[in-house]
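>>> Output the structure for:
(one chain, ligands or ions: 1)
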Amino acid sequence: MTDEKLSRRQLLQTAIAGLAAVPAAGLLAHPAEVAMLSETDATAKSLGYVADAKSVDAKANPNYKPGQTCANCMQYTGKAGAAAGPCNIFPGKDVAAAGWCKVWVLKPGAKVG
Ligand code: SF4
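Residues are numbered from 1 along each chain as shown. You can find the predicted model right below:
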């Protein structure tokens, strides 16, 4: 009987530990379906975000240099080679790896171009 109670306790503890791990794993994993940031989003507009860095208005953005993209920006946390990924500036949305905005800063160790 004592062994049975111990087994139930162990089972309950294991189940609780498992339940606690599920939300944590969910937070760490990037959801499969994340909306893309729109160029018309108010914050995106204010930061001059474009999904294709080649369409940056160089006159309006004199700091922009060809080769600067979200993929080589410090704020980009997407996987290398992916078409899109998360950006620290736009939580909850993915930005295009080929995109660009005014707060672009070279990712340490990355190269432009
Ligand atoms: S902060 Fe960097 S990664 Fe985010 S949108 Fe701007 S250029 Fe792209």
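
>>> C-alpha only now, for contacts and for neighbours.
OK.

>>> Under the pLDDT cut-off, which ranges of this protein? List them.
1-32 (pLDDT under 70).

>>> So which residues of it form strands?
Assignment of strands within the chain using DSSP state E yields the ranges 84-86, 94-96.

>>> What residues sit buried inside the last one?
Meaning strand 94-96. Buried residues in strand 94-96, counted by 16 or more other C-alpha atoms under 10 Å: 94-96.

>>> So which of those residues reach the ligand?
Val95 (C-alpha under 6 Å from any ligand atom).

>>> which one of the buried residues of strand 94-96 is nearest the ligand?
Distance to the ligand across those (C-alpha to the nearest ligand atom) is lowest for Val95, with 5.9 Å.

>>> what's that closest one in contact with, if anything?
By C-alpha atoms under 8 Å, 6 or more residues apart in numbering, the contact set of Val95 is 36-37, 51, 70, 84-87.

>>> how many neighbours does Gly48 have?
Gly48 is flanked by 18 other residues according to other C-alpha atoms under 10 Å.

>>> can you offset everything so residue one is 28?
Yes, from this point I'll number from 28; that puts the last item at Gly75.

>>> Not counting its neighbours along the chain, what's nearest it?
Leaving aside its sequence neighbours, Gly75 sits nearest to Cys128 (C-alpha to C-alpha, 6 or more residues apart in numbering; 5.1 Å).

>>> How much space separates that neighbour from Pro89?
12 Å (C-alpha to C-alpha, to the nearest Å).

>>> Next: Val130.
Plainly put, Val130 is 12 Å away from Pro89 if you go by C-alpha to C-alpha.
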